[in-house]
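A.B. asks: Here is a sequence with its predicted model. Questions after.
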Amino acid sequence: MTTTTAAPTPDKLTSKGQATRARILEQAAELIYTKGVHATNNEQLRRAAGVSGSQLNHYFPNKESLVLAVIAWQADRVLTFHR
């Protein structure tokens, strides 16, 4: 039996799922920017994004996947702004 901890890719999500994932990323980016990666925890992020723990874990099974997604999301925003 194989277990996977990979987060669902955005292109395989429903529009509602994509909106939820984007909201989590936006709030995570803000918290990480203001508090730092180590000082940002799931409880703060759940409250800020208005999601449950199971939703947070569905989209981002671990902190590493969340941080990597925030970096990619932020880089995409910067590149889009400068195009």
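C.D. replies: Looks like it arrived, so ask away. Residues are numbered from 1 along each chain as shown.

A.B. asks: quick one: what helix or strand has the residue nearest the centre of the chain in it?
C.D. replies: Nearest to the geometric centre of the chain sits residue 25, at 3.6 Å (C-alpha atoms, centre = their mean). In the assignment (DSSP states H and E), residue 25 maps to helix 15-35.

A.B. asks: can you check residue 75 too?
C.D. replies: Judged by DSSP H and E, residue 75 forms part of helix 63-82.

A.B. asks: as a whole number, average confidence for that helix?
C.D. replies: Helix 63-82 carries an average pLDDT of 94.

A.B. asks: now for it, which elements pack on it?
C.D. replies: Applying 3 or more C-beta pairs under 8 Å, 6 or more residues apart in numbering; DSSP states H and E, one finds that helix 63-82 contacts helix 15-35. Bear in mind the C-beta positions are built from the backbone N, C-alpha and C, glycine included.

A.B. asks: Tell me how far the next helix or strand after the helix it packs on lies from the chain's centre.
C.D. replies: Using DSSP H and E, the next helix or strand after helix 15-35 towards the C-terminus is helix 42-49. Remark: helix 42-49 is offset 11 Å from the chain centroid, using C-alpha atoms, centre = their mean, to the nearest Å.

A.B. asks: With just CA atoms, put helix 42-49 into CSV.
C.D. replies: Written as CSV, here are the backbone C-alpha positions of helix 42-49 (Å, rounded to 0.1, in the frame of the first residue of the first chain):
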residue,chain,number,x,y,z
ASN,A,42,-1.9,26.0,11.0
GLU,A,43,-4.3,27.6,13.6
GLN,A,44,-3.4,31.1,12.5
LEU,A,45,-3.7,30.2,8.9
ARG,A,46,-7.1,28.4,9.4
ARG,A,47,-8.5,31.5,11.1
ALA,A,48,-7.1,33.9,8.6
ALA,A,49,-8.3,32.0,5.6
